[in-house]
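[1] One predicted model, sequence on top.
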Amino acid sequence: MNRPVAIVSFAQLPSIRRDQERQEAELVQPVVAEALAAVGLTRHDVGFTCSGSCDYLIGRPFSFVSALDALGGWPPISESHVEMDGAWALYEAWIRLQHDDIDVAVAYSFGKSSAGDLPAVMTSQLDPYYLAPLGPDALSLAALQARAVLDAGLATERDLAAIAERNRNHATSNAHAQVVGSPPAAELLGEPYLAQPLRKHDCPPISDGAAAVVLVAGDRAKELCERPAWIRGIDHRIEAHGLGMRDLTASRSTEIAAVEAGVGEGPVDVVELHAPFTAQEVVLRKALAPAFGPDTVLNPSGGALAANPMMVAGLIRLGEAAARIHRGAASTAVAHATSGPCLQHNLVAVLGA
């Protein structure tokens, strides 16, 4: 039986196109400080810290070490790092709390996509023998996936435009979103293609940002937070690196992770999907179908179509879902994060009040 662990606080920076004023530590410090202060903790109360980021975005090795200045690394702290989205840093922190020798952990992530050539960075994660030499960027690969979704009859281009319209209109209530509000879907369909069948509205903005969550185990979570967001289940799975080895219209890894996390136990109030491209929402909704009921709200924050800081957007999905539980807007939620090209690696968490 897992030790009960809850997300008790969440903080994020507003996502913006280019943050030229702050370096890594300056992105991290305000969100960690805010998340800790919200529940009356200091860095000395934290038993474990885990971060998520990508050295390729910054353009130098071990950039996450610089970010540790924001936490006060002396006296020495217990710290770890994942070279990926902060959702997986949260997963590692959850695992660490299962050891039962500490009660408080912090997971944070940061990303500055504006610091370099984002298409080139994303291409470097591809299979080095067959795909990377061809130089396809993330947009081109997402267009291949979108075409597969359309050809399979799972959606139309109007459906994709409606997804963009809904997400970005939801973002009007999100003070941290970057792209807020949308013209009607019919008007969006008049835009030119960026990479057929994807238009600008089908794609995420390029964002800089940071986020942090505080995880607390056992009874202490109830002492620090009136409505903790308990992690009822969490799991992640990965699929083949080669795009030709998997069906791009389905996400088997998400389906398996959802079952292992307990999604099939019934519909939930809120689902936060990490779907940077509109067609990916179609794929993920199919994979997470048991989570959706007639009253389920999808991406009330606006999702990654409204703000997409690399290495942060997945952690934000978990934080946004937890925040709705904290303030009483939901009792149950499912949060999803993805990493890799065309939904290669997926994490699913079930949160409950």
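    Here it is on my side, so go on.
[2] all strands in the stretch 151-300 of the chain, in order from the N-terminus.
    Along the stretch 151-300 of the chain, the stretches classed as strands by DSSP state E, counting those that start in this stretch are 193-195, 198-199, 208-217, 229-238, 270-272, 297-298.
[3] Mean neighbour count, these: which tops it?
    The densest packing among these, expressed as mean neighbour count by mean count of other C-beta atoms under 10 Å, is seen in strand 208-217 with a mean of 28. Glycine gets a C-beta too; all of them are placed from N, C-alpha and C.
[4] between that one and strand 229-238, how big is the angle?
    Here strand 208-217 runs at 120 degrees with respect to strand 229-238, directions being taken by axes from the mean of the first three to the mean of the last three C-alpha atoms, to 10 degrees.
[5] roughly how far is strand 208-217 from the heart of the chain?
    Offset of strand 208-217 from its chain centre (C-alpha atoms, centre = their mean, to the nearest Å): 11 Å.
[6] Can you name every helix or strand that it contacts?
    Packing partners of strand 208-217 (3 or more C-beta pairs under 8 Å, 6 or more residues apart in numbering; DSSP states H and E): strand 5-12, helix 24-38, helix 86-97, strand 104-112, helix 313-326.
[7] ok, back up a step: is it possible to get CSV of the strands of the stretch 151-300 of the chain that adds mean pLDDT and distance to residue 261?
    What follows is these, written out as CSV (pLDDT from 0 to 100; distance: least, C-beta to C-beta, whole Å):
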stretch, mean pLDDT, distance to residue 261
strand 193-195, 96, 33
strand 198-199, 98, 30
strand 208-217, 97, 16
strand 229-238, 98, 4
strand 270-272, 98, 12
strand 297-298, 98, 18
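[8] Among these, single out whichever gets nearest to residue 3.
    Taking C-beta to C-beta as the measure, the strands of the stretch 151-300 of the chain were each checked against residue 3, and strand 208-217 came out nearest at 5.6 Å.
[9] got the angle for the closest one vs helix 86-97?
    Using the same axes, to 10 degrees, the inter-axis angle of strand 208-217 relative to helix 86-97 is 20 degrees.
[10] angle of strand 208-217 against helix 24-38?
    Computed by the same axes, to 10 degrees, the angle between strand 208-217 and helix 24-38 is 40 degrees.
[11] Hey, what's the angle from strand 208-217 to strand 5-12? Just curious.
    On the basis of the same axes, to 10 degrees, strand 208-217 is oriented at 160 degrees to strand 5-12.
[12] before we move on, the earlier item: from the helices and strands packed on strand 208-217, which stretch is densest packed?
    Here the criterion is mean neighbour count by mean count of other C-beta under 10 Å, and of the helices and strands packed on strand 208-217 the winner is strand 104-112, at a mean of 29.
[13] Give the rounded mean pLDDT of that strand.
    Per-residue pLDDT values across strand 104-112 average out to 95.
[14] give the contact list for the residue nearest to residue 131 when sequence neighbours are not counted.
    Nearest-residue entry for residue 131: residue 243, 7.0 Å, with adjacent residues in sequence omitted and distances by C-beta to C-beta, 6 or more residues apart in numbering. Residue 243 makes contact with 131, 141, 144, 341, 342 under the criterion C-beta atoms under 8 Å, 6 or more residues apart in numbering.
[15] Give the burial count for the closest residue to residue 263 other than its chain neighbours, as a bare number.
    Leaving aside its sequence neighbours, residue 263 sits nearest to residue 291 (C-beta to C-beta, 6+ apart; 5.0 Å). Look at residue 291: counted by other C-beta atoms under 10 Å, it has 26 neighbours.
[16] For residue 311, give its distance to residue 173.
    Residue 311 is 25 Å from residue 173, where distance means C-beta to C-beta, to the nearest Å.
[17] what about those two, which has more around it?
    Neighbours around residue 311 and residue 173, counted as other C-beta under 10 Å, are more numerous at residue 311. The numbers are 29 against 11.
[18] element containing the more buried one?
    According to DSSP states H and E, residue 311 maps onto no helix or strand at all.
[19] Name the nearest residue to it, sequence neighbours excluded.
    The spatial neighbour of residue 311 that comes closest, neighbours along the chain excluded (C-beta to C-beta, 6+ apart), is residue 111 at 4.1 Å.
[20] who touches the one you found in this structure?
    Residues touching residue 111, when contacts are defined by C-beta under 8 Å, 6+ apart, comprise 53, 54, 57, 207, 208, 209, 210, 309, 310, 311, 312.
[21] Export the residues you listed to a markdown table and append columns for distance to residue 336.
    Formatted as a markdown table, those follow (distance: C-beta to C-beta, whole Å):
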| residue | distance to residue 336 |
| --- | --- |
| 53 | 20 |
| 54 | 20 |
| 57 | 22 |
| 207 | 18 |
| 208 | 22 |
| 209 | 18 |
| 210 | 20 |
| 309 | 16 |
| 310 | 16 |
| 311 | 16 |
| 312 | 15 |
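[22] of the residues you listed, closest to residue 68?
    In terms of C-beta to C-beta, no member of the contacts of residue 111 lies closer to residue 68 than residue 53, at 11.0 Å.
[23] Now do the contacts for the closest one.
    The contact partners of residue 53, taken as C-beta under 8 Å, 6+ apart, are 24, 63, 64, 67, 81, 83, 86, 109, 110, 111, 311.
[24] Look at residue 304 and tell me its secondary structure.
    In three-state terms, and counting by DSSP: H, G, I helix; E, B strand; the rest coil, residue 304 is helix.
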